[in-house]
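**Q** model this:
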Amino acid sequence: MKNLLLFLTLITCTASVNAQTLAELLQQKKEGHTINGEIIGLKDSTVMLAYYFGGKQYATDTATVLNGKFSFKSKKVLPGGMYLVVLSNQQYFDIIVSEQHFSFSTKLDDLIGSMKFKNSKENPPFYEYLNFITQMQKEVTPIRKQLETADGDAKNALQEKATAIDAKVKKFRSDFMKNNADKFFSKIVTATTEIEIPESPLDSTGNPDKTFPYRFYKKHFWDNIDFSDERMLRTPIFFNKMDQYLDKLTAKHPDSINVSADVLIELSKANGEIFQYVVSYITSTYERSKIMGMDAVFVHMVEKYYITNQCDWVDSTQLVKIADRAQKIAPNLIGRKASEFLDFYGRPFMKDTLGKLHTLQEIKADYTALIFYGPTCGHCKKEIPKVKHDIDSLIAAGHNIETFAVATEFDKADWKKFIHDQKIGDWINVADINHDEEGNPVASSDWRDKYDIYSTPVIYLLDNEKKIIAKRITHSQIVEIISRLEEN
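**A** Predicted coordinates:
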């Protein structure tokens, strides 16, 4: 009898397992993904499924609409995150993809308000949140509009209403995150919650420290982001915060950016996919930057993360290319001393047309314009006269500047003709013209790599210690930079 009762109890317990749980177990066994949709009132057309990534949206699938119904289906698993369903009339709405098999239905004239889901734990609370915020916005918008012209008691009454709505929103948000702590959208809500900055402490003068809010905000900027969850990459949140952190909260100086980059990358190590994205994004962004000097960030990234074997997604061939590029840039970063023209034995080799040796260090001037040109280069023939004119103007204005001009080709006759035609005989004109026994051009050192000369003309501006002030600049920038430096 005891055994029979136990058996019946077990059957009763098994039967009481929630049907939804059983459905979930069955869903988990399915391969790939299937997202079925129905939009009442939608004409036969096509709809697109897209995802957020890197500040943009990318299409991942297209489905045909028949009688308002459609299906996104594939044997591949969809990476988790926020996705967009885009209609043919450019209307769209968001859905959360964590589950791989679910369905939804709504109405064309009320996409958000009428949305219903099946077999999805993530999306119903997401839409509960959207509908609440939408309703609160409808209530507060006319109040804020009235506040623009209201005054006296009417204004105070309107402010109280607006404050009450704000308080209601804060409480709803707090309760939502508490009740849905296991939902991905709670992480998104948390990520969009602004950091609360405490009252500034007093500085040495007894006044509130004016820099404290900024320093506190930047230090705690990432507190609300879950770096362990790669789904954050596929939201509109992560990229925007990263862009704000590097571009708005960090001084536009390579050293400052390197510090911020390291802070961000250290946090991103909580997840391999996020780490890969952050390192790759920062590296490529500053390699391609048009802002002079930002290549120092690229070099920092390569030296700290790539050649130390932390980037396992980069194959050996690509790694060699990246490392080689950084190695070529490193010697001529802004602030570093310009490489002297010495051969592999440490001897000077740059000679003028008479065969006299010259070095950068022999120049005793406040500024040195270091110019690389090709005597047969058409662009050089157009630009060098402009450079000559602007440097002469600076000298006439009393600036102490010398020009060290390096010919990058190997024909002495062409070189002499160029000097004569361009009237640059008063410059220190040098070249590295050597040939082997078979008559092939031979370079005395790797100076082309050190100065990253892959096209001409190229202009560097050096200070009195031969440190690089600017590089790859135009003739007019020589004037602008020296004028600005002299003013300071």
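**Q** where exactly do the helices run in the stretch 201-350 of the chain?
**A** All helices of the stretch 201-350 of the chain, identified by DSSP state H, counting those that start in this stretch, fall at 212-219, 236-243, 254-268, 272-287, 295-301, 316-329.
**Q** Next, the spatially closest residue to P213 that is not a sequence neighbour: secondary structure please.
**A** Leaving aside its chain neighbours, P213 sits nearest to I197 (5.0 Å; criterion: Cβ to Cβ, 6 or more residues apart in numbering). Backbone N, C-alpha and C define where each C-beta goes, glycine included. Classification of I197 using DSSP: H, G, I helix; E, B strand; the rest coil returns coil.
**Q** Could you list the low-pLDDT ranges of the protein?
**A** Residues of the chain that meet the criterion pLDDT under 70 lie in 1-29.
**Q** hang on, the earlier thing: quick one: the residue nearest to P213 and D209 touch, right?
**A** No. In terms of Cβ atoms under 8 Å, I197 does not count as a neighbour of D209; the distance is 11.7 Å.
**Q** According to the record, where do the domains of this structure fall?
**A** In terms of domains, the chain is parsed into 28-122, 137-175, 212-332, 360-487 (source: automatic domain parsing).
**Q** thought D432 was touching M350?
**A** Yes. Here D432 reaches M350: they are 6.1 Å apart, a contact under Cβ under 8 Å.
**Q** who touches both of the two?
**A** Shared contacts of D432 and M350, defined by Cβ atoms under 8 Å, 6 or more residues apart in numbering, are found at F341, V406.
**Q** When the two are compared, which one has more neighbours?
**A** M350 (25 against 21; other Cβ atoms under 10 Å).
**Q** How about the contacts made by the more buried one?
**A** Contacts of M350 by Cβ under 8 Å, 6+ apart are F341, L357, H358, T359, V406, V430, A431, D432.
**Q** repeat that with 6 Å
**A** F341, H358, V430 (Cβ atoms under 6 Å, 6 or more residues apart in numbering).
**Q** ok so, going back, against P208, how distant is the residue nearest to P213?
**A** 12 Å (Cβ to Cβ, to the nearest Å).
**Q** And E148, by the same measure?
**A** Counting by Cβ to Cβ, the gap from E148 to P208 is 31 Å.
**Q** Counting neighbours, go ahead and name the busier of those two.
**A** P208 (12 against 7).
**Q** State the number of residues packed around E160.
**A** Applying other Cβ under 10 Å, I find that E160 has 11 neighbouring residues.
**Q** Buried ones in the helix or strand hosting it, by neighbour count?
**A** Secondary structure assignment for E160, by DSSP states H and E: helix 152-179. Within helix 152-179, the residues that count as buried by 16 or more other Cβ atoms under 10 Å are L158, K161, A162, I165, R173, F176, M177.
**Q** So the third one is in contact with P142, correct?
**A** So the one you mean is A162. No. Contact criterion Cβ atoms under 6 Å: A162 and P142 do not qualify, at 10.4 Å.
**Q** Can you get me the start-to-end distance on stretch 326-343?
**A** Using Cα to Cα, to the nearest Å, the end-to-end distance of stretch 326-343 comes to 22 Å.
**Q** most neighbours per residue, which of the helices of the stretch 201-350 of the chain?
**A** helix 295-301 (a mean of 23; mean count of other Cβ atoms under 10 Å).
**Q** all strands for the stretch 301-450 of the chain, in order.
**A** 367-373, 401-407, 428-431 (DSSP state E, counting those that start in this stretch).
**Q** L461 is nearest to which of those?
**A** Nearest to L461, of all the strands of the stretch 301-450 of the chain, is strand 367-373, at 6.1 Å by Cβ to Cβ.
**Q** just to revisit the earlier point, for L84, which of the helices of the stretch 201-350 of the chain is the nearest?
**A** Using Cβ to Cβ, the helices of the stretch 201-350 of the chain put helix 236-243 closest to L84, at 9.8 Å.
**Q** Distance of the nearest residue to R231 once chain neighbours are set aside relative to K321?
**A** Leaving out its chain neighbours, the residue that sits closest to R231 by Cβ to Cβ, 6+ apart is G80, at 4.0 Å. Distance, G80 to K321, using Cβ to Cβ: 33 Å.
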